[in-house]
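Q: with the input below, show me the fold.
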Amino acid sequence: MVQTRPKGDKRAPKPKTQTLNPLQRGIQDFVAQTLPPEALSKHGLSNETLHSHLPKRFTVYEPLLLLPVNAFTTPAPWSALYRDLTNAQREALYASLVQAFSRMGVTHVAINAPIAPTDTQGHENRMRSPAGLVPLYGDFGPVAPSHGDGQPTDSDLKKAFWVRTMQNHGIVQVWAPLYTMFSRGNVTEKAR
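A: As a prediction, the model looks like this:
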């Protein structure tokens, strides 16, 4: 049985509660615990309006929280607030994100940038290496050497940070995000 209000009931509808995803919750927790109120007001924000100016998209490849390239540049009010953070405050922000995603096993944070067509020396990026990945929080292991072919050594791979994901109800993929790229697309082809 569906209950309806009697005709003429003038009560205000219940306000919708704002549900935050873990990324937004981690940012709001950081702001509430770390920043003075004037940091928000300087950018035309308040505790009440902050949530509508926060990034929403993310991907988790356990134990990595991978943020899109624009996570700290849009929307504009959030971007301005982020730009004003000190390095210590940014570290505290990343730690807050890890805490917000702890139920998902997250220990590291990075920004995913597009795969560049050339490497850092201007040569064609034939290996499609993820040189644009920006580690923000956690130990990702040694970066690939810039000399020679730029490929990681066995020692590099042993020290590397590894992530995993499961697709299509059982296809487990494991990779080192500093050295190899991953595409979540074409699951049908992966199943073959």
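
Q: lowest-pLDDT helix or strand in the chain?
A: Lowest by mean pLDDT, DSSP states H and E among the helices and strands of the chain is helix 187-191, with a mean of 53.

Q: isn't residue 75 up against residue 53?
A: Yes. Look at residue 75 against residue 53 with CB atoms under 8 Å: they come within range, at 4.9 Å. Every residue, glycine included, has its C-beta placed from N, CA and C.

Q: and those two? Which one has more around it.
A: Neighbour comparison, residue 75 and residue 53: the larger count goes to residue 53, with 20 against 13 (by other CB atoms under 10 Å).

Q: with adjacent residues omitted, what lies nearest to the more buried one?
A: In space, and not counting its chain neighbours, residue 53 is closest to residue 77: 4.4 Å by CB to CB, 6 or more residues apart in numbering.

Q: thought residue 39 was touching residue 83?
A: No. Using CB under 8 Å, residue 39 is not in contact with residue 83; the gap is 11.7 Å.

Q: compare these two (neighbour count), which wins?
A: Using other CB under 10 Å as the criterion, residue 39 and residue 83 rank with residue 39 on top: 15 against 10.

Q: hmm, who's touching the helix or strand in which residue 79 is found?
A: Per DSSP states H and E: residue 79 is located in helix 76-83. For helix 76-83, contacts defined as CB atoms under 8 Å, 6 or more residues apart in numbering pick out 27, 39-40, 43-45, 53-55, 72-73, 90, 93.

Q: same deal with stretch 53-67?
A: Against stretch 53-67 from outside (CB under 8 Å, 6+ apart): 20-24, 27-28, 45, 68, 70-72, 74-78, 97-98, 101, 104-112, 136, 161, 163-165, 177, 182, 184.

Q: now do the same end-to-end measure for that stretch.
A: End-to-end distance for stretch 53-67: 16 Å, by CA to CA, to the nearest Å.
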